[in-house]
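Student: I need the structure of the sequence given here:
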Amino acid sequence: MNIHNYEKKTYEFIGKITGKFQDKVYQTKELIYLLQVKLENNDEVKQFRAYETKTENSVWKKIIENEYIDKRYLFLCEKIATVYRLKNWKELPSTSS
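Tutor: Model (predicted):
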């Protein structure tokens with residue numbers, strides 16, 4: 001039995017993506033996106049990382065094609081050290097603000 005094979009805690013945040021920057025993981029050359037976020041339920045978190053191999057395929061495609069603009073989401077993330085890694089999201093109804 002592998003004691004390191006456990007499910008990581010999922011953190012839930014509500015908000016919008018306000019910006020996107022492309023980057024690479026230098027060791028693996030994997031493409032990632034740094035997503036700037038404005039959250040309704042957390043003032044401290046300002047950024048998520050989205051990894052092609054760790055993010056749901058449908059979400060990854062929307063990030064690449066900029067199909068997230070002006071949309072509100074429930075973000076599902078896991079925390080690795082001090083970084084939140086986006087796993088999935090669910091689109092939510094917009095609020096008038």
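Student: contacts, neighbours, all on C-alpha from now
Tutor: Noted.
Student: Mind listing what's buried along the longest strand anywhere in the chain?
Tutor: The longest strand of the chain (DSSP state E) is strand 11-25. Residues of strand 11-25 classed as buried by neighbour count (16 or more other C-alpha atoms under 10 Å): Glu12, Phe13, Ile14, Gly15, Lys16, Ile17, Thr18, Lys20.
Student: Just put the residues you listed in a markdown table and tack on distance to Glu56 and pLDDT.
Tutor: Listed next are the buried residues of strand 11-25 as a markdown table, based on distance: C-alpha to C-alpha, whole Å; pLDDT from 0 to 100:
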| residue | distance to Glu56 | pLDDT |
| --- | --- | --- |
| Glu12 | 15 | 97 |
| Phe13 | 17 | 98 |
| Ile14 | 18 | 98 |
| Gly15 | 18 | 97 |
| Lys16 | 18 | 97 |
| Ile17 | 17 | 97 |
| Thr18 | 20 | 96 |
| Lys20 | 17 | 96 |
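Student: what comes into contact with the longest strand of the chain?
Tutor: Applying C-alpha atoms under 8 Å, 6 or more residues apart in numbering, the contact partners of strand 11-25 are 30-42, 68-79.
Student: what helix or strand is Trp89 on?
Tutor: Element membership for Trp89, per DSSP states H and E: strand 83-92.
Student: quick one: contacts of that strand?
Tutor: For strand 83-92, the external contacting residues (C-alpha under 8 Å, 6+ apart) are 47-51, 54-56, 59, 71-79.
Student: and the residues you listed, which are buried?
Tutor: Buried members of the contacts of strand 83-92, counted by 16+ other C-alpha under 10 Å: 47-51, 55, 59, 72-78.
Student: Just want the most central residue of this structure.
Tutor: With distances taken as C-alpha atoms, centre = their mean, Leu86 lies nearest the centre of the chain, 2.7 Å away.
Student: bridging residues for the closest residue to it other than its chain neighbours?
Tutor: Leaving aside its sequence neighbours, Leu86 sits nearest to Cys77 (C-alpha to C-alpha, 6 or more residues apart in numbering; 4.4 Å). Cys77 has these beta-bridge partners by DSSP bridges: Tyr11, Leu86.
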